[in-house]
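Enquirer: my questions are about this predicted structure, shown below with the sequence.
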Amino acid sequence: MSPISPLEWPVLRQLRGRDALGRGPAVTSATTRELTSRNARADRVVQSVCPYCAVGCGQRVYVTDERVTQIEGDPDSPISRGRLCPKGSASEQLVNAPGRQTQVLYRAPRSTRWQPLERDTAIDMIARRFVQSRRRTWQDTDEQGRPLRRTMGIASLGGATLDNEENYLIKKLFTAAGAIQIENQARI
């Protein structure tokens, strides 16, 4: 690397040029001028919604080689107008964390070890237990014969990492199944 000429010092460039206040090209080095945003190299940009709370802030997800490389606020979002909270700003870590679970794990009753389980098997197990619990705890009427049509054997606690649409569908599912104990982490 060759030494920089004193004539190229930012203060002298500032005094010699049109940038007297030093807010533009006079104080910008050649290296800085050659820099590009890491987002400029993304293969595509996908619009999304932050997964953390019920606000629904818009996100731009930058994807390079089929891997999420950056997540930023979406300035076109009427809700957040390009802003994200600290959790939303760090949501790229949610996707790329090395400790992220990518398979279903199951621990059998009284077992001390987790074992991998096929997704379809896990879904079938959950559905079977859901239906069995509903049948076993169904209350059609109370002692006076008044209609109840409910189950006290099923409850739901939604999480803040679900978006509005997922929470809406979960609420509808559990209400249709007769559950009345339905809550969400965002309200607690």
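Expert: Structure's in. What do you need? Numbers count the residues shown, from 1 in each chain.

Enquirer: how about the secondary structure of residue 60?
Expert: Following DSSP: H, G, I helix; E, B strand; the rest coil, residue 60 is assigned to strand.

Enquirer: bridged to it, which residues?
Expert: Beta-bridge pairing of residue 60 under DSSP bridges involves residue 47, residue 72.

Enquirer: quick one: it and residue 46 touch, right?
Expert: Yes: with the criterion set as C-beta atoms under 8 Å, residue 60 and residue 46 qualify as a contacting pair; they are 7.5 Å apart. Just so you know, the C-beta spots here come from the backbone N, C-alpha and C atoms, and that holds for glycine as well.

Enquirer: tell me which of these two has more neighbours.
Expert: residue 60 (19 against 12; other C-beta atoms under 10 Å).

Enquirer: contact partners for that one?
Expert: Residue 60 makes contacts with 45, 46, 47, 48, 71, 72, 73, 74, as judged by C-beta atoms under 8 Å, 6 or more residues apart in numbering.

Enquirer: I'd like the distance between it and residue 88.
Expert: Look at residue 60 and residue 88: by C-beta to C-beta, to the nearest Å, they are 12 Å apart.

Enquirer: shared neighbours of the two, anything?
Expert: Taking C-beta under 8 Å, 6+ apart as the contact criterion, the common neighbours of residue 60 and residue 88 are 71, 73.
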